[in-house]
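**Q** model this:
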Amino acid sequence: MNKSKSIELAVPHSLQSEPGKILPTLSYETISQLTEAGWSKVGLIVPLITRDSNLLMFKHNEVVQTTNGKKKVRHGMLGPLGETSKGVHPVIEQPLETLHRGIEEETGTREPSTLGLRARTIGGWFVNHWPVGVEFPDEYACAICPPIYVPPAAEERLLAHQTGNEEISGIYAMSPSDIKDTDPARLRPGVIGWLAQLEATDFLKWPGDRTREVDFSSVFASGMTDLDLQKGH
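**A** Below you'll find the model as predicted:
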């Protein structure tokens, strides 16, 4: 991985964390800025945080990008919930919609609103330079990373379900130390750097009553395709 390149990619001001907001808004101006900066994709890499300050990690099957035959992950790799933003001109899938779709697809939950997921009342997120995949050298997704808190009942439900889509073969609750002790070959590229950013915030600590339920009422299903910011990718 070319780390020096990753830190040179500028993050648009519109994607910087804002007080009171759970997630930013994507506009075509922001997409244009991401493209000019050299990002390959934009999406979410979500810390799903349990009451015990563990993280829900997803075990992946080997995934092939059908557009170019490149592999994003290798069989058995662990990583957080991740989803690429989609769009069909002139409509751009908003991050809340991406979050809803990611939970629905990767956990197999038909109605994510029934999980009662929570976010901090004061909002906040961080932005990560997420490697697109194991066979995508020097390509990065601008990853919006909102802390989402998983109540005990929802955690039990998700861990018991263990069926997402064809990409996911298992869901596990892991402590940050357990993740760092995992063989790096079993982790998706970018996990350790992402975890370091997360640990540099106060997001891992359950906010107690200073949370609000994530409101998915404005989300609707749509047949969009992944937003590929760089032509030919």
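
**Q** any idea how far residue 68 is from residue 228?
**A** Distance check for residue 228 against residue 68: by Cβ to Cβ, to the nearest Å, it reads 10 Å. Where you see a C-beta, it was placed from the backbone N, CA and C, and this is true even at glycine.

**Q** out of these two, which sits in the more crowded spot?
**A** residue 228 (15 against 10; other Cβ atoms under 10 Å).

**Q** for the more buried one, helix, strand, or coil?
**A** Secondary structure assignment for residue 228 (DSSP: H, G, I helix; E, B strand; the rest coil): coil.

**Q** you'd agree it is up against residue 42?
**A** No - in this structure, residue 228 is not within contact of residue 42 by Cβ atoms under 8 Å, at 10.0 Å.

**Q** what about residue 76, distance to residue 187?
**A** Residue 76 is 10 Å from residue 187, by Cβ to Cβ.

**Q** neighbour count: the two, which is higher?
**A** Shown here are residue 76 and residue 187; by other Cβ under 10 Å, residue 187 has more neighbours (19 against 13).

**Q** tell me how many other residues crowd the residue lying closest to the more buried one once chain neighbours are set aside.
**A** Once flanking residues are discounted, residue 187 sits nearest to residue 78: 5.6 Å by Cβ to Cβ, 6 or more residues apart in numbering. Close neighbours of residue 78, defined as other Cβ under 10 Å, add up to 19.

**Q** likewise for the one 4 residues further on?
**A** Using other Cβ under 10 Å, residue 82 has 24 neighbouring residues.

**Q** check residue 170 too.
**A** Neighbours of residue 170 (other Cβ under 10 Å): 15.

**Q** just checking, it touches residue 58?
**A** Yes - applying Cβ under 8 Å, one finds residue 170 in contact with residue 58, separated by 7.4 Å.

**Q** check the gap between the closest residue in space to residue 24 that isn't next to it in sequence and residue 228 for me.
**A** In this structure, residue 24 finds its nearest non-sequential neighbour in residue 15, 5.1 Å apart by Cβ to Cβ, 6+ apart. According to Cβ to Cβ, residue 15 and residue 228 sit 18 Å apart.
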